[in-house]
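Student: Generate a structure from the sequence data that follows.
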Amino acid sequence: MNTKQLAALFFLAALWGASFLFMRIAAPAIGPVLTIELRVLIAGIVLLLYAWLFKKTVDIRKYWKEFLVIGALNAALPFTLIATATLHISASMAAILNSTTPLFTALASLVFLQEPLTLKKWIAIFMGTFGVSILVGWSPLPFSLETILSALFSILAALAYGCAGVYAKKAFVGVSSLSLAIGQQLGAALVLLPFAASHTSIKAISPIVVFSVIALAVFCTAIAYLFYFYLLASVGPTKTLSVTFLVPGFGVIWGMIFLHEKITFGMIVGLIIILSSIFLLSDVKMETPNQTLRRLRAR
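Tutor: Presented below is the predicted three-dimensional model:
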(Lines give C-alpha, C1' and ligand atoms only; values in the text may rest on other atoms or scores of the structure.)
Protein backbone atom coordinates (compact mmCIF):
# COMPACT_ATOMS: atom_id res chain seq x y z
CA MET A 1 0.00 0.00 0.00
CA ASN A 2 1.17 3.52 -0.74
CA THR A 3 1.17 6.32 1.85
CA LYS A 4 -2.36 7.48 1.02
CA GLN A 5 -3.80 3.98 1.28
CA LEU A 6 -1.91 3.23 4.47
CA ALA A 7 -3.18 6.48 6.01
CA ALA A 8 -6.74 5.52 5.03
CA LEU A 9 -6.31 2.11 6.68
CA PHE A 10 -5.10 3.64 9.95
CA PHE A 11 -7.82 6.29 9.86
CA LEU A 12 -10.46 3.60 9.37
CA ALA A 13 -9.06 1.62 12.31
CA ALA A 14 -9.01 4.76 14.45
CA LEU A 15 -12.67 5.49 13.62
CA TRP A 16 -13.87 1.95 14.30
CA GLY A 17 -11.77 1.81 17.46
CA ALA A 18 -13.37 5.06 18.66
CA SER A 19 -16.86 3.57 18.31
CA PHE A 20 -16.34 1.65 21.57
CA LEU A 21 -15.39 4.89 23.33
CA PHE A 22 -18.51 6.71 22.12
CA MET A 23 -20.80 3.79 23.00
CA ARG A 24 -19.25 3.68 26.47
CA ILE A 25 -20.19 7.36 26.93
CA ALA A 26 -23.65 7.40 25.32
CA ALA A 27 -25.16 4.06 26.37
CA PRO A 28 -25.27 4.74 30.15
CA ALA A 29 -27.02 8.07 29.52
CA ILE A 30 -29.69 7.24 26.92
CA GLY A 31 -29.61 3.44 26.92
CA PRO A 32 -27.98 0.97 24.51
CA VAL A 33 -31.00 0.54 22.21
CA LEU A 34 -31.62 4.26 21.65
CA THR A 35 -27.88 4.84 21.20
CA ILE A 36 -27.72 2.29 18.39
CA GLU A 37 -31.03 3.36 16.83
CA LEU A 38 -29.66 6.89 16.48
CA ARG A 39 -26.34 5.54 15.22
CA VAL A 40 -27.74 3.50 12.35
CA LEU A 41 -30.52 5.93 11.42
CA ILE A 42 -28.24 8.97 11.22
CA ALA A 43 -25.55 6.97 9.41
CA GLY A 44 -28.05 5.70 6.85
CA ILE A 45 -29.31 9.23 6.17
CA VAL A 46 -25.76 10.58 5.82
CA LEU A 47 -24.85 7.83 3.35
CA LEU A 48 -28.04 8.51 1.37
CA LEU A 49 -27.09 12.20 1.17
CA TYR A 50 -23.61 11.21 0.01
CA ALA A 51 -25.08 9.02 -2.74
CA TRP A 52 -27.42 11.84 -3.83
CA LEU A 53 -24.75 14.55 -3.82
CA PHE A 54 -22.25 12.49 -5.82
CA LYS A 55 -24.91 10.87 -8.04
CA LYS A 56 -24.11 7.32 -6.95
CA THR A 57 -26.51 4.60 -8.05
CA VAL A 58 -28.19 2.97 -5.08
CA ASP A 59 -30.86 0.26 -5.18
CA ILE A 60 -32.29 -0.78 -1.83
CA ARG A 61 -35.86 -1.65 -2.84
CA LYS A 62 -35.01 -4.86 -4.69
CA TYR A 63 -33.33 -6.44 -1.66
CA TRP A 64 -35.37 -4.86 1.14
CA LYS A 65 -36.01 -8.21 2.89
CA GLU A 66 -32.34 -9.12 2.75
CA PHE A 67 -31.41 -5.67 4.06
CA LEU A 68 -33.63 -6.23 7.10
CA VAL A 69 -31.79 -9.48 7.80
CA ILE A 70 -28.29 -8.07 7.29
CA GLY A 71 -29.28 -4.95 9.23
CA ALA A 72 -30.28 -7.11 12.17
CA LEU A 73 -27.26 -9.43 12.00
CA ASN A 74 -24.52 -6.94 11.13
CA ALA A 75 -25.70 -3.79 12.93
CA ALA A 76 -28.78 -3.85 15.15
CA LEU A 77 -27.93 -6.97 17.16
CA PRO A 78 -24.13 -6.69 17.51
CA PHE A 79 -24.12 -2.91 18.03
CA THR A 80 -26.75 -3.22 20.77
CA LEU A 81 -24.95 -6.12 22.44
CA ILE A 82 -21.67 -4.18 22.49
CA ALA A 83 -23.37 -1.01 23.77
CA THR A 84 -24.99 -3.08 26.55
CA ALA A 85 -21.65 -4.69 27.38
CA THR A 86 -19.98 -1.29 27.77
CA LEU A 87 -22.31 -0.55 30.68
CA HIS A 88 -20.20 -2.91 32.80
CA ILE A 89 -16.86 -3.47 31.02
CA SER A 90 -14.35 -1.01 29.65
CA ALA A 91 -14.30 0.20 26.07
CA SER A 92 -10.83 -1.34 25.79
CA MET A 93 -12.00 -4.82 26.73
CA ALA A 94 -15.04 -4.56 24.45
CA ALA A 95 -12.78 -3.63 21.53
CA ILE A 96 -10.45 -6.57 22.17
CA LEU A 97 -13.32 -9.06 22.51
CA ASN A 98 -14.84 -7.78 19.27
CA SER A 99 -11.62 -8.65 17.43
CA THR A 100 -12.61 -12.33 17.67
CA THR A 101 -15.07 -11.82 14.76
CA PRO A 102 -12.87 -13.64 12.16
CA LEU A 103 -12.86 -16.73 14.40
CA PHE A 104 -16.65 -16.85 14.43
CA THR A 105 -16.75 -16.16 10.70
CA ALA A 106 -14.72 -19.34 10.18
CA LEU A 107 -17.17 -21.33 12.33
CA ALA A 108 -20.20 -19.80 10.56
CA SER A 109 -18.64 -20.67 7.19
CA LEU A 110 -18.32 -24.29 8.33
CA VAL A 111 -21.98 -24.48 9.39
CA PHE A 112 -23.68 -22.52 6.60
CA LEU A 113 -21.29 -22.75 3.64
CA GLN A 114 -19.69 -26.13 4.38
CA GLU A 115 -16.23 -24.59 4.15
CA PRO A 116 -13.94 -27.13 5.86
CA LEU A 117 -11.93 -26.17 8.91
CA THR A 118 -8.27 -26.91 8.36
CA LEU A 119 -5.84 -27.70 11.16
CA LYS A 120 -4.61 -24.12 11.02
CA LYS A 121 -8.17 -22.81 11.49
CA TRP A 122 -8.78 -25.12 14.46
CA ILE A 123 -5.55 -23.98 16.08
CA ALA A 124 -6.57 -20.36 15.51
CA ILE A 125 -10.00 -20.94 17.08
CA PHE A 126 -8.54 -22.63 20.18
CA MET A 127 -5.93 -19.88 20.50
CA GLY A 128 -8.64 -17.23 20.27
CA THR A 129 -10.73 -18.98 22.92
CA PHE A 130 -7.71 -19.19 25.20
CA GLY A 131 -6.98 -15.50 24.63
CA VAL A 132 -10.54 -14.55 25.58
CA SER A 133 -10.35 -16.61 28.78
CA ILE A 134 -7.14 -14.83 29.78
CA LEU A 135 -8.58 -11.43 28.87
CA VAL A 136 -11.72 -11.89 30.96
CA GLY A 137 -10.28 -13.93 33.81
CA TRP A 138 -7.13 -11.84 34.25
CA SER A 139 -8.66 -8.38 34.21
CA PRO A 140 -8.97 -5.63 36.84
CA LEU A 141 -12.76 -5.84 36.68
CA PRO A 142 -14.57 -7.74 39.46
CA PHE A 143 -15.42 -11.30 38.50
CA SER A 144 -19.15 -10.66 38.82
CA LEU A 145 -22.23 -11.81 36.94
CA GLU A 146 -22.39 -8.40 35.19
CA THR A 147 -18.80 -8.75 33.97
CA ILE A 148 -19.34 -12.30 32.72
CA LEU A 149 -22.58 -11.39 30.92
CA SER A 150 -21.00 -8.29 29.38
CA ALA A 151 -18.09 -10.33 28.05
CA LEU A 152 -20.60 -12.88 26.73
CA PHE A 153 -22.56 -10.10 24.98
CA SER A 154 -19.36 -8.92 23.27
CA ILE A 155 -18.61 -12.46 22.11
CA LEU A 156 -22.20 -12.92 20.87
CA ALA A 157 -21.78 -9.67 18.93
CA ALA A 158 -18.69 -11.13 17.23
CA LEU A 159 -20.72 -14.27 16.47
CA ALA A 160 -23.45 -12.11 14.87
CA TYR A 161 -20.83 -10.37 12.73
CA GLY A 162 -19.50 -13.75 11.62
CA CYS A 163 -22.97 -15.01 10.63
CA ALA A 164 -23.67 -11.71 8.86
CA GLY A 165 -20.53 -12.05 6.78
CA VAL A 166 -21.58 -15.51 5.63
CA TYR A 167 -25.14 -14.34 4.88
CA ALA A 168 -23.92 -11.33 2.89
CA LYS A 169 -21.64 -13.60 0.90
CA LYS A 170 -24.65 -15.59 -0.31
CA ALA A 171 -27.38 -12.93 -0.49
CA PHE A 172 -25.68 -9.89 -2.03
CA VAL A 173 -23.72 -11.12 -5.02
CA GLY A 174 -23.44 -8.21 -7.48
CA VAL A 175 -24.83 -5.61 -5.04
CA SER A 176 -22.69 -2.47 -4.71
CA SER A 177 -20.94 -1.83 -1.39
CA LEU A 178 -22.67 1.53 -1.00
CA SER A 179 -26.13 0.01 -1.53
CA LEU A 180 -25.29 -2.69 0.99
CA ALA A 181 -24.09 -0.15 3.56
CA ILE A 182 -27.16 2.10 3.18
CA GLY A 183 -29.59 -0.82 3.15
CA GLN A 184 -27.92 -2.33 6.21
CA GLN A 185 -28.14 0.87 8.28
CA LEU A 186 -31.74 1.62 7.32
CA GLY A 187 -32.71 -2.03 7.82
CA ALA A 188 -31.16 -1.96 11.29
CA ALA A 189 -33.01 1.27 12.10
CA LEU A 190 -36.34 -0.37 11.17
CA VAL A 191 -35.55 -3.46 13.25
CA LEU A 192 -34.69 -1.39 16.32
CA LEU A 193 -37.45 1.21 15.94
CA PRO A 194 -40.14 -0.51 18.07
CA PHE A 195 -37.62 -1.21 20.84
CA ALA A 196 -36.26 2.33 20.79
CA ALA A 197 -39.77 3.83 20.75
CA SER A 198 -40.68 1.97 23.92
CA HIS A 199 -37.53 3.14 25.70
CA THR A 200 -38.37 5.75 28.34
CA SER A 201 -35.47 5.61 30.80
CA ILE A 202 -33.27 8.51 29.73
CA LYS A 203 -31.00 10.39 32.11
CA ALA A 204 -29.94 14.01 31.76
CA ILE A 205 -28.32 14.39 28.34
CA SER A 206 -25.06 16.34 28.41
CA PRO A 207 -23.31 17.89 25.39
CA ILE A 208 -20.68 15.14 25.49
CA VAL A 209 -23.41 12.52 25.09
CA VAL A 210 -24.89 14.37 22.09
CA PHE A 211 -21.43 14.67 20.54
CA SER A 212 -20.75 10.97 21.17
CA VAL A 213 -23.95 9.91 19.38
CA ILE A 214 -23.25 12.18 16.40
CA ALA A 215 -19.61 11.09 16.19
CA LEU A 216 -20.63 7.44 16.48
CA ALA A 217 -23.10 7.77 13.60
CA VAL A 218 -21.34 10.19 11.27
CA PHE A 219 -17.65 9.42 11.77
CA CYS A 220 -17.47 5.86 13.12
CA THR A 221 -20.19 4.54 10.79
CA ALA A 222 -20.97 6.66 7.71
CA ILE A 223 -17.51 8.15 7.04
CA ALA A 224 -15.79 4.94 8.14
CA TYR A 225 -17.73 3.02 5.48
CA LEU A 226 -16.56 5.47 2.81
CA PHE A 227 -12.93 4.80 3.80
CA TYR A 228 -13.73 1.10 3.77
CA PHE A 229 -15.12 1.32 0.22
CA TYR A 230 -12.07 3.27 -0.92
CA LEU A 231 -9.71 0.62 0.45
CA LEU A 232 -11.73 -2.24 -1.05
CA ALA A 233 -11.52 -0.60 -4.47
CA SER A 234 -7.85 0.40 -4.27
CA VAL A 235 -6.09 -2.43 -2.41
CA GLY A 236 -8.61 -5.28 -2.38
CA PRO A 237 -10.40 -7.15 0.44
CA THR A 238 -7.42 -9.05 1.85
CA LYS A 239 -5.33 -5.97 2.64
CA THR A 240 -8.42 -4.05 3.77
CA LEU A 241 -9.22 -6.74 6.32
CA SER A 242 -5.85 -6.12 7.95
CA VAL A 243 -7.72 -3.32 9.73
CA THR A 244 -8.85 -6.12 12.08
CA PHE A 245 -5.39 -6.06 13.68
CA LEU A 246 -5.48 -2.30 14.26
CA VAL A 247 -9.01 -1.69 15.61
CA PRO A 248 -8.51 -3.20 19.10
CA GLY A 249 -5.26 -1.26 19.50
CA PHE A 250 -7.03 2.01 18.78
CA GLY A 251 -9.90 0.98 21.04
CA VAL A 252 -7.41 0.52 23.87
CA ILE A 253 -5.64 3.82 23.10
CA TRP A 254 -8.85 5.89 23.05
CA GLY A 255 -10.02 4.26 26.28
CA MET A 256 -6.73 5.10 27.98
CA ILE A 257 -6.65 8.71 26.78
CA PHE A 258 -10.26 9.81 27.16
CA LEU A 259 -11.72 7.45 29.79
CA HIS A 260 -8.53 6.87 31.79
CA GLU A 261 -8.97 3.11 31.55
CA LYS A 262 -6.18 0.98 32.98
CA ILE A 263 -4.50 -1.56 30.73
CA THR A 264 -3.23 -4.58 32.62
CA PHE A 265 -0.67 -7.20 31.70
CA GLY A 266 -3.46 -9.78 31.36
CA MET A 267 -5.26 -7.62 28.80
CA ILE A 268 -2.08 -7.26 26.76
CA VAL A 269 -1.44 -11.02 26.83
CA GLY A 270 -5.03 -11.76 25.86
CA LEU A 271 -4.87 -9.24 23.01
CA ILE A 272 -1.62 -10.71 21.67
CA ILE A 273 -3.01 -14.27 21.70
CA ILE A 274 -6.28 -13.23 20.01
CA LEU A 275 -4.48 -11.24 17.31
CA SER A 276 -2.10 -14.15 16.74
CA SER A 277 -5.08 -16.44 16.16
CA ILE A 278 -6.54 -13.95 13.65
CA PHE A 279 -3.16 -13.83 11.89
CA LEU A 280 -3.35 -17.59 11.39
CA LEU A 281 -6.79 -17.21 9.81
CA SER A 282 -5.68 -14.33 7.60
CA ASP A 283 -3.22 -16.64 5.84
CA VAL A 284 -6.07 -18.89 4.69
CA LYS A 285 -7.35 -18.29 1.15
CA MET A 286 -11.03 -17.35 1.22
CA GLU A 287 -13.56 -18.25 -1.45
CA THR A 288 -15.18 -15.53 -3.53
CA PRO A 289 -19.01 -15.32 -3.47
CA ASN A 290 -19.24 -16.79 -6.98
CA GLN A 291 -16.98 -19.69 -6.02
CA THR A 292 -19.17 -20.38 -2.99
CA LEU A 293 -22.35 -20.36 -5.05
CA ARG A 294 -20.89 -22.71 -7.66
CA ARG A 295 -19.75 -25.14 -4.97
CA LEU A 296 -23.11 -25.12 -3.18
CA ARG A 297 -25.03 -25.63 -6.44
CA ALA A 298 -22.77 -28.55 -7.32
CA ARG A 299 -24.06 -30.31 -4.20
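
Student: what bits of the stretch 101-250 of the chain have low per-residue confidence?
Tutor: For the stretch 101-250 of the chain, the stretches with pLDDT under 70 are 200-203.

Student: At which residues are the helices of it located?
Tutor: 101-113, 119-137, 145-171, 177-197, 207-217, 224-235, 237-240, 243-258 (DSSP state H, counting those that start in this stretch).

Student: Figure out which of the ones you listed is closest to Phe20.
Tutor: Distance to Phe20, taken as CB to CB, is lowest for helix 243-258 among these, at 4.7 Å. Yep, even glycine has a C-beta here, placed from its N, CA and C like the rest.

Student: Could you give the separation of the closest one from the chain centroid?
Tutor: The chain centre lies 13 Å from the centre of helix 243-258; the measure is CA atoms, centre = their mean, to the nearest Å.

Student: How about stretch 194-212?
Tutor: 22 Å.

Student: That stretch spans what distance, first to last residue?
Tutor: 23 Å (CA to CA, to the nearest Å).

Student: ditto for stretch 168-176
Tutor: Using CA to CA, one end of stretch 168-176 lies 12 Å from the other.

Student: ok, and for it, which residues are buried?
Tutor: Judged by neighbour count (16 or more other CB atoms under 10 Å), stretch 168-176 contains these buried residues: Ala168, Lys169, Ala171, Phe172, Val175.

Student: got it, and stretch 204-214?
Tutor: Within stretch 204-214, the residues that count as buried by 16+ other CB under 10 Å are Val209, Ser212, Val213.

Student: again with stretch 105-113
Tutor: Here stretch 105-113 shows Thr105, Ala106, Leu107, Ala108, Ser109, Phe112, Leu113 as buried, counting by 16+ other CB under 10 Å.

Student: Residues touching that stretch, excluding its own?
Tutor: With contact meaning CB atoms under 8 Å, 6 or more residues apart in numbering, stretch 105-113 is reached by 115-117, 121, 124-125, 159, 161-163, 165-167, 169-170, 281, 287, 292, 296.

Student: If any of those residues are buried, put those into a PyMOL selection.
Tutor: With 16+ other CB under 10 Å as the criterion, this PyMOL line picks the buried residues out of the contacts of stretch 105-113:
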select buried, resi 115+121+124+125+159+161+162+163+165+166+167+169+281+292
